[in-house]
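[1] here is the input, now give the coordinates:
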Amino acid sequence: SGLVSRLTFSWLNPLIALNKRHPVEASDLPCFDNPEYECENLTEKLDREWNREKEDAKRNAGKPSMWKALFLMFSFQEYATLCTLMLTYSVTKTAIPYLLYCVLKELSEPAPQTNNALLLGAILCLYAGIKSTSLTYIEYHSSLFAMRVRTALCGVIFKKVISLSCRDTSALASGHVTNLFATDAESFQVGLEACPSFMMAPLTFTSCAVVMVWLAGWPAMAGLSVSIAYVVAQVLGVKPCKYLRGKTLKVIDKRITLISQIIHGIRSIKMHAWETPYYQAVQRLRRMEKNVYIKKFMITSFFESLYQNTLPIFSATLCYVFTNRPLDQAIFFTLFAYFLEIRILVACHFTRGSQLLTDCAVSLKRIQDFLTEVGKQRDLEQSLDGEGRCLPEESTSRKTESGDCILGKINLDLSGNRLALVIGPVGSGKSTLLSAICGASSSYKGKIKTNGSIAYVSQEPWIFQGTVRENIMFNSFYDAERYQKVVEACDLKDDFKAFPNGDLSEIGERGIAMSGGQRARVSLARAVYLDADIYLLDDPLSAVDFKVAKHIFEKCICGILKRKLRVLVTHHLQYKEMADEVVLLENGSMVACSDYKEFTEEYLSRMTKNTGSAKEMALLLKDDSSVTQGKGLLSVVEERDVGAVSLRTYWEYLRAGLPVVAIALLGLAAVWDRLTWANADHRGIIVAYISLTFAANLLRYLFSFLVYVTALQCNTRLHNKMAQSLIHAPVSFFDTNPVGRILNRFSADIVEIDNILPPNLVYTLIVCDLFVSLIIPTLASYWLLVSVILPVVMLVWYGKAFVRITREVTRLQSLARSAVFSHISSTVEGLTTIRLHDARDEFIKKNHSYQDCRNRATFLVFSSMAWLKIRADLISTAVLTITSVVTILLSSSNTHSYYSLLTGFIGLAITYSMMLVIDTAFVIKSAGFLQDAMTSVQRVMEYCRLSLEPAYQITKTPPCGWPRHGAVSFSHVSLRYYSDGPQVLKGVTFSIEPQQKIGIAGRTGAGKSSIVASLMRMPEASSGIHIDDVDIRGLNLQSTRQVVSVIQQNPTLLSGTIRSNLDPLDMYTDDEIWSALSDVNLSPVMDKWGYDLEHRIEEGGVNLSVGERQLFSLARALLQKNKIIIMDEVTANVDPQTDKMIQTTIRDKFKDCTVLIIAHRLSTIMDCDRIMVLHDGQVVEMDTPEALMGNADSWLAQLWQ
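    A predicted model of the protein is given here:
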């Protein structure tokens, strides 16, 4: 595009025309033609300057400054351009009122020279156009500048996050990390956009003050003193605002962390019917956040009310009136014009700038603290050359944040092509040892040396959104031959055949389209394909059946990996004879490390007791929704609204009501009084107007505060309704929407409507005053009225085009922002895998790509706003020109007395036309921000209207004391996980008598866990499920879930205390809780924690092993004392001794309960009263274990084989 097109932003015209025909798409957005706008280049620049700043600070024993690093990353030319525009703005802003004085002085002469007045008026209009245009370019360049800074900060933060897996990962609280991107970086951008305006204010204020004092003398100082007092008050208000901002961000961190935990633990929350207490916890945090906001708004609303404050002009005028000095109308209107300019400086440039820069400083400090303080622990010593060797030495130990030592006294030397089995009871530190070796533990002392590359398979597989092949290859080149060997070794071939598109099938975030066993094998295949030197395998065999486990052990662990150093954590001692070394851990210490033959008989008998033969150790896959019968459940594409933000959206938001009409009428009264006073010299009128002015100022403050509080109340109502809808949404919603996408609504969108919407709503409502400003000059002549019609029509036409384009682009920006947050969330979950696969650069590139996509939309929003402002500047300057010319010509006409205007009316007409030039820019900017904020409101309202689980609306509750017996019956029950999905249960019929223990067996996809899902109504099955002869479909959802206790294979513990995780409803006494903990053998853990029920459980229960989490879940079931217990593979991650304890607990504590057991070990269910075998969603047999095993053709006997 040419120079004129660039200066006027006419290059946007084709896109605006396209948007009129149909909403623009992401592919329509222009790409950056300047590499300086790309995230990669910006991140490299800031990273380089930040590292240099840290080195300088280290040499000088000081602290690094991110402010300095940000300043140095941009060129002198960019600063010079911005400073030139700022100087131009300040000069013209100072000169325009003085030119008005010259015009009025010329017209007040006995024989005015019309030509001189017209020339001065033309210069005035030219300066007004230059001033408004320079402000447009200042705001445009500062917005792009701020966007680039935000992009660089996000890039540096992401690089820091992705490098933390070998350091202090406990610092990565999900809410804090999300907030750094969603709140702090965004706040910094908004604050930086206001920086040029804030910097211009002192210079412009000083120059205006000098001219005012020169013209009016000391009376002008009275008005200036009032303005200076406002400035001093704002300076004093910075410190409390800064404190309140920091407090707000801390509460937001907690709120987002809680929302994140709810999303991750939604199944557990729903199964225990804990929706209400967790929703109330979210409400409490939001209420705390709201209370802090109200305190801050009490300060900021005072400053916002200064925008229309007229006290300075009246203070100056009173000095004239009450000292009997003559008040020249030319001087009066000049002072009036100057104080209008100062009003903008104080109320908008300085006030708004100081508030935003205060928030900006707080956010940057949080970012700097994260970059400097988090992750200071040392890395493990690692060499990538030579054979694989792992050497934890010098009493390696690891502690939790609370100081609990969970690993100590480890001296171990493993090398060569050996297989080392790590065994030990639950909570002995097996997983922690592997975590420390690969560098994922948060802190440790001693040394861990590794020689060679490491591949790590975690106990909880990490799957990211993409194809199955992408998850396996993961930053590696595709080698068809090796790939096929890996797939064969991990027994994935048959699974690929069942997938709709083989290994090219898309799987959603967290592998929602796969069963647990499939996720575990894909995670293992990813590690094997890496071809590392050292393999750390954290119990990968616990999620697969005996046949698959044997295949993986022989073909993979002892096959394709036989020339590697392998460290395998396992509870399955049937493989001990094939191990080169066996490492025994107890209570975090290494008891022994030798060939298994050297272990004492006492220990081996203790470990193998209740283990039985290899066949008795047969594993049965848990059944998540399988893709074998359908296309799979994938992440849905985030929907995007198109078209105008509906009136319904505005009504739903503003239905609390605002007294806009009353305030608008007050504004009209104030304007009329100004007009009357301009030609009056009665002290009584002046005194009355002063009284009205003070009353108006007070009401303006109350109005501003009322707008803030009402908006905040609306925001809180929307937030709570959104949280309520979310927590009551079907589980399928969480399966098909990435965590980052959901968090985007609770973080970025809520922050947008909390911080951007209220102040811009206040400014936009002042548009009433703008219309009054258009009316007053037209009272001079109907010619003026006719002359402003066309400009107003043009302004409305351009405004509609602007609203259309920014609305659609802002929605595209929100979608791109969701993609950014989803990528961040997925990255945080898989940090260890990413680091060990050396995929950090790839994920950093993806972050750059996502940021660039978002910036393309952001760039277009800023350009569209500049496009409108340029045109509005020209139109408002034209109105000023017309007003000036017509009033000057009419004032010099002696033909008709009607046209002989008072000088006061001329001054008022030109002054208000100047106000049009001033206010148009601010109204457009505020309206643009308001439009963006309302788009966020619309996105929040989308989640307020989420489809709820239908049974929540059922009010019928079961009889008191139900169920008394615990009988369960299914009659022709069918189940689909989603509307167009395959049937996972097909006419299932069976009955279970009270107090029976039922084992459930079957292969992957047979429907075992679907039995549990249907009983828990997740989702709702067809009718036919009865508990004690009561059809549960007709009962309130939570009433039925409360009477069934479910113990999951991967239990969820949320951040909080031991008590809050066991008893969030506060229903049980301490004695009952201690008894339950003792019954599940958690006394050693509690002893380590000082027998304190208020001991903190870290987010996700990361300070507990998976086995210990299962025991806490079992203790929770004991507390609930329900008649129906479901144990979904609860023994998968525990040692045989703990398995025996669990079986004893079932027999003793649950003897009066009906128990359904989905178990990995056949020995676990062989002593059940009956065993139900499922195949393809149907019950194929159900009888006693003896009867089934006595029939060689039975399905159970086939599973045994």
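[2] what stretches of the stretch 101-250 of the chain score poorly on pLDDT?
    In the predicted model of the stretch 101-250 of the chain, residues 111-112, 165-175 satisfy pLDDT under 70.
[3] quick one, helices of it?
    Counting by DSSP state H, counting those that start in this stretch, one finds helices in the stretch 101-250 of the chain at the ranges 114-162, 174-179, 185-193, 195-216, 219-264.
[4] for those, which one sits closest to residue 60?
    Judged by CB to CB, the one of the helices of the stretch 101-250 of the chain that comes nearest to residue 60 is helix 114-162, at 21.9 Å. For glycine as for every other residue, the C-beta is placed from the backbone atoms N, C-alpha and C.
[5] remind me, longest helix of this structure?
    Using DSSP state H, we find that the single longest helix of the chain is helix 840-891.
[6] same for it, what does it pack against?
    helix 3-8, helix 13-21, helix 39-59, helix 76-107, helix 114-162, helix 767-778, helix 782-829, helix 903-944 (3 or more CB pairs under 8 Å, 6 or more residues apart in numbering; DSSP states H and E).
[7] that helix to helix 185-193, inter-axis angle?
    40 degrees (axes from the mean of the first three to the mean of the last three CA atoms, to 10 degrees).
[8] ok, back up a step: out of the helices and strands packed on helix 840-891, nearest to residue 210?
    Using CB to CB, the nearest of the helices and strands packed on helix 840-891 to residue 210 is helix 76-107, at 8.5 Å.
[9] ok and the closest one relative to helix 840-891, angle-wise?
    Using the same axes, to 10 degrees: helix 76-107 against helix 840-891 is 10 degrees.
[10] and for the closest residue in space to residue 830 that isn't next to it in sequence, the neighbour number?
    Excluding its sequence neighbours, the residue lying closest to residue 830 (CB to CB, 6 or more residues apart in numbering) is residue 462, at 4.0 Å. Using other CB atoms under 10 Å, residue 462 has 20 neighbouring residues.
[11] pick out the shakiest of the helices and strands packed on helix 840-891, pLDDT-wise.
    For the helices and strands packed on helix 840-891, mean pLDDT drops lowest on helix 767-778, to a mean of 55.
[12] quick check: buried residues in stretch 930-950?
    Using 16 or more other CB atoms under 10 Å as the test for burial, stretch 930-950 gives 930-944, 948-949.
[13] pull the CA atoms of it into CSV?
    Extracted C-alpha coordinates of stretch 930-950, given in CSV (Å, rounded to 0.1, in the frame of the first residue of the first chain):
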residue,chain,number,x,y,z
LEU,A,930,-16.5,-1.3,25.6
GLN,A,931,-17.3,-3.3,22.4
ASP,A,932,-14.4,-5.7,23.2
ALA,A,933,-15.5,-6.1,26.7
MET,A,934,-19.1,-6.8,25.6
THR,A,935,-17.7,-9.6,23.4
SER,A,936,-16.2,-11.1,26.5
VAL,A,937,-19.5,-10.7,28.3
GLN,A,938,-21.1,-12.6,25.4
ARG,A,939,-18.5,-15.4,25.7
VAL,A,940,-19.2,-15.6,29.5
MET,A,941,-22.9,-15.8,28.8
GLU,A,942,-22.3,-18.7,26.5
TYR,A,943,-21.0,-20.7,29.4
CYS,A,944,-23.9,-19.4,31.6
ARG,A,945,-26.2,-21.3,29.2
LEU,A,946,-24.3,-24.6,29.1
SER,A,947,-26.5,-27.7,29.0
LEU,A,948,-26.8,-29.2,32.4
GLU,A,949,-27.1,-32.8,33.4
PRO,A,950,-30.9,-33.2,33.1
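[14] chain center to it, what's the gap?
    Remark: stretch 930-950 is offset 15 Å from the chain centroid, using CA atoms, centre = their mean, to the nearest Å.
[15] again, but for stretch 969-986
    35 Å.
[16] list the contacts of stretch 738-745.
    The contact list for stretch 738-745, computed with CB atoms under 8 Å, 6 or more residues apart in numbering, reads 178, 182, 256, 259-260, 263-264, 465, 508-509, 635, 638, 722, 726, 734, 814, 817-826, 939-940, 943.
[17] coming back round to it: what's near enough to touch the residue nearest to residue 830?
    Residue 462 makes contact with 523, 829, 830, 833 under the criterion CB under 8 Å, 6+ apart.
[18] please redo it, this time with the cut-off set to 10 Å
    Neighbour list for residue 462: 471, 510-511, 519, 522-523, 526, 826, 829-834 [criterion: CB atoms under 10 Å, 6 or more residues apart in numbering].
[19] could those residues go into JSON lines alongside distance to residue 537?
    Listed next are the contacts of residue 462 as JSON lines, based on distance: CB to CB, whole Å:
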{"residue": "471", "distance to residue 537": "17"}
{"residue": "510", "distance to residue 537": "21"}
{"residue": "511", "distance to residue 537": "18"}
{"residue": "519", "distance to residue 537": "15"}
{"residue": "522", "distance to residue 537": "14"}
{"residue": "523", "distance to residue 537": "10"}
{"residue": "526", "distance to residue 537": "12"}
{"residue": "826", "distance to residue 537": "23"}
{"residue": "829", "distance to residue 537": "19"}
{"residue": "830", "distance to residue 537": "17"}
{"residue": "831", "distance to residue 537": "19"}
{"residue": "832", "distance to residue 537": "14"}
{"residue": "833", "distance to residue 537": "13"}
{"residue": "834", "distance to residue 537": "18"}
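[20] for residue 1002, state which of those is nearest.
    Nearest to residue 1002 among these, counting by CB to CB, is residue 519 at 18.3 Å.
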